[in-house]
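A.B. asks: Let me see the structure of the following:
(2 chains)
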Number of protein chains: 2
Amino acid sequence: MSGISHETIGTIGAILTTTAFLPQTVKVIRTRDTQSISLTMYLLFTTGVCFWLVYGLMIESVPVVSANLITLVFSSIILLLKLKERPQLDLSDKDQTD
Amino acid sequence: MSGISHETIGTIGAILTTTAFLPQTVKVIRTRDTQSISLTMYLLFTTGVCFWLVYGLMIESVPVVSANLITLVFSSIILLLKLKERPQLDLSDKDQTD
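C.D. replies: Next up is the predicted model:
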């Protein structure tokens, strides 16, 4: 049996799924293009991360709180820029699936 | 103290952060537009979800395995469509931050 503990696997998973939002945040800030990003996704996701944050506080888990605090910052930036971009969109654009 | 247990809070968080990827998947399939989506994000995120899946299997947690299996399907679809879209992009486009 390989000697890698499940804590190590979980920690790598947490680091990857948390830092993953950094390149998307940088891209959105640089290009101000959020056209193909789903507003509904980031509304649901940001709300979900808030629940994970409260969960981490309730079980007093520093890794859960810190990972979700970082993710919350990134997803909130993307969400705010997406909300800012919407009015400029041509509302007649029927492909406005969000 | 409000009576909501931390399991309930965690479950709501898991449902929201998992289902959040469905509207993004639908939008990408419908519009085939992945221009503002970061390839690096979905490479990191999909890899991270695989680690979470292995973690869930190691600790034999059905919720962790099922949530990450669903998320893996959605993020893989978005990643594949993003990889498919890339060659059509004008490579001279200097704003190709990804």
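A.B. asks: Quick check: phi and psi at residue A:37.
C.D. replies: For residue A:37, the backbone dihedrals (degrees, to the nearest 10) come out as phi -90, psi 140.
A.B. asks: and what of residue A:5?
C.D. replies: According to degrees, to the nearest 10, residue A:5 has phi -80, psi 160.
A.B. asks: now do residue A:20
C.D. replies: Per degrees, to the nearest 10, the residue geometry at residue A:20, taken as phi and psi, is phi -60, psi -30.
A.B. asks: Spatially nearest residue to the residue most central in space within chain A (excluding sequence neighbours)?
C.D. replies: The residue lying closest to the centre of chain A (CA atoms, centre = their mean) is residue A:75, at 3.6 Å. Spatial nearest neighbour of residue A:75, excluding adjacent residues (CB to CB, 6 or more residues apart in numbering or on different chains): residue A:46 at 4.6 Å. For glycine as for every other residue, the C-beta is placed from the backbone atoms N, C-alpha and C.
A.B. asks: Quick one: neighbours of the one you found, just the number.
C.D. replies: Residue A:46 sits with 20 neighbouring residues when counted by other CB atoms under 10 Å in any protein chain shown.
A.B. asks: List the residues that contact it.
C.D. replies: Contact analysis of residue A:46 by CB atoms under 8 Å, 6 or more residues apart in numbering or on different chains lists A:72, A:75-76, A:79.
A.B. asks: So for it, what pLDDT did the model give?
C.D. replies: Looking at residue A:46, its pLDDT reads 98.
A.B. asks: Just the CA atoms of the longest helix out of those in chain A, as CSV, please.
C.D. replies: The longest helix of chain A (DSSP state H) is helix A:62-85. This file holds the C-alpha atoms of helix A:62-85, laid out as CSV (Å, rounded to 0.1, in the frame of the first residue of the first chain):
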residue,chain,number,x,y,z
VAL,A,62,-8.2,26.2,10.6
PRO,A,63,-7.6,24.5,7.1
VAL,A,64,-11.3,24.6,6.2
VAL,A,65,-11.6,28.2,7.3
SER,A,66,-8.4,29.4,5.6
ALA,A,67,-9.0,27.5,2.3
ASN,A,68,-12.6,28.9,2.1
LEU,A,69,-11.6,32.4,3.1
ILE,A,70,-9.1,32.5,0.2
THR,A,71,-11.6,31.0,-2.2
LEU,A,72,-14.3,33.5,-1.0
VAL,A,73,-12.0,36.4,-1.9
PHE,A,74,-11.3,35.1,-5.4
SER,A,75,-14.9,34.1,-6.2
SER,A,76,-16.3,37.4,-4.9
ILE,A,77,-14.0,39.4,-7.2
ILE,A,78,-15.1,37.3,-10.2
LEU,A,79,-18.7,37.7,-9.1
LEU,A,80,-18.5,41.5,-8.7
LEU,A,81,-16.8,42.0,-12.1
LYS,A,82,-19.4,39.7,-13.7
LEU,A,83,-22.2,41.8,-12.1
LYS,A,84,-20.4,45.0,-13.2
GLU,A,85,-20.1,43.8,-16.8
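A.B. asks: I appreciate the help and will end here.
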